[in-house]
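Trainee: Need the 3D shape of this:
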Amino acid sequence: MRARDIMTRPVYTVRADDPVERAAAVLVERGITAAPVVDDRGDLVGIVSEADVLWQRSTTVSPAGPVRTTARAVRDVMTKDVVTLPSDADIGDVAETLLDLDVHSVPIVDDDELVGIVSRRDIVHSVVRDDDVLAQEVQHRLDEYAGGRRRWTATVDQAVVTIGGRFDDEAERHVVVILARSVPGVAEARIAQ
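Mentor: As a prediction, this is how the structure comes out:
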C-alpha cells in the first residue's frame, strides 16, 4: 500500500500571514491535526499543527516572571523544516517517518506540488476497515472497470474477497483479482469456485 492510497485530499492549507486563529479554525472545522502552510504561489513553506496553536496560547516563565506568548500569525508558530514524502512512498515508511520524527502528519509532495497529507489517523483507518467497507470499495472498482455495469459481485469475509461472475478469459480474471487486492485493507482476493 502506498501513501496515495490513504492520503487525505483535497489538502486544507493556510498561509503564513494568516492569523493563528484562522489556522485553529481550519484544524477544528476540518477535523485535522495539521495543515500545510503555503505561500502565494501555493508552494509549501511550513506546517502548523494543533500543538503549534496551543503553544501560541501558552505562558512561559522567564527571570522577570510569567510571559504570555502572543504570536499573531501562522509564520510565528509553524514548523518551517517540513519533512515530505512522495505519493508512492510505502505506508510502512510513512508510519516509520511519523513515529521517528514524533509528528502526526506528513505532507505528500510530487514534483514540488502538494498533492495530499497522511496522518497517523489515516494509517490506523487503513488497517481498521470492516468487511462491509471493503466490499463496497472492491465492488466500486470492479464496476468502474466493467464500464459502470455490474459484471461481477464481490463478497468479503475477514478481509478476504471472493469475486463471482463470468469472465471472458484468464487475463480478465487476473486483472479483477489485482483490482480487488489494490483496495487498502484487503488481505487476499480470489475468484469464486
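
Trainee: helices or strands next to the helix or strand containing Gly116 in the packing?
Mentor: For Gly116, the enclosing helix or strand under DSSP states H and E is strand 113-119. Helices and strands touching strand 113-119, by 3 or more Cβ pairs under 8 Å, 6 or more residues apart in numbering; DSSP states H and E, are helix 3-6, strand 34-38, helix 91-101, strand 105-110. Glycine gets a C-beta too; all of them are placed from N, C-alpha and C.

Trainee: next SSE after the longest helix along the chain?
Mentor: If you go by DSSP state H, the chain has its longest helix at helix 131-145. Remark: after helix 131-145, the chain's next helix or strand is strand 152-157, criterion DSSP H and E.

Trainee: Show me which parts of that next one are buried, residue by residue.
Mentor: Buried residues in strand 152-157, defined by neighbour count with 16 or more other Cβ atoms under 10 Å: Trp152, Ala154, Val156.

Trainee: closest to Val176 among those?
Mentor: Set against Val176, the nearest of the buried residues of strand 152-157 by Cβ to Cβ is Trp152 (6.2 Å).

Trainee: I'd say the closest one and Asp168 touch.
Mentor: No: using Cβ atoms under 8 Å, Trp152 is not in contact with Asp168, being 11.5 Å away.

Trainee: picking that back up, pick the most buried one from the helices and strands packed on strand 113-119.
Mentor: strand 34-38 (a mean of 25; mean count of other Cβ atoms under 10 Å).

Trainee: strands paired with that strand, and their directions?
Mentor: As defined by DSSP bridges, the strand partners of strand 34-38 come to strand 14-15 (parallel), strand 44-49 (antiparallel).

Trainee: now it against strand 113-119, angle please.
Mentor: Per axes from the mean of the first three to the mean of the last three Cα atoms, to 10 degrees, the angle that strand 34-38 makes with strand 113-119 is 160 degrees.

Trainee: Name the surrounding residues that touch strand 34-38.
Mentor: Applying Cβ atoms under 8 Å, 6 or more residues apart in numbering, the contact partners of strand 34-38 are 11-16, 23, 26-27, 44-50, 74-75, 78, 82, 103-105, 107, 114, 117, 119.

Trainee: can you rerun that using 7 Å?
Mentor: 11-16, 23, 26-27, 44-49, 74, 78, 104-105, 107, 114, 117 (Cβ atoms under 7 Å, 6 or more residues apart in numbering).

Trainee: same thing with stretch 87-96?
Mentor: Contacts for stretch 87-96 (Cβ under 7 Å, 6+ apart): 1-4, 6-7, 85, 106, 108, 110, 115-116, 118, 123, 126.

Trainee: hmm, back to that, want to try TSV for the buried residues of strand 152-157, with distance to Val186 as columns?
Mentor: Shown next, in TSV, are those (distance: Cβ to Cβ, whole Å):
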residue	distance to Val186
Trp152	15
Ala154	10
Val156	8
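
Trainee: Out of these, which is nearest to Leu54?
Mentor: Among the buried residues of strand 152-157, Val156 lies closest to Leu54 (Cβ to Cβ), at 40.8 Å.
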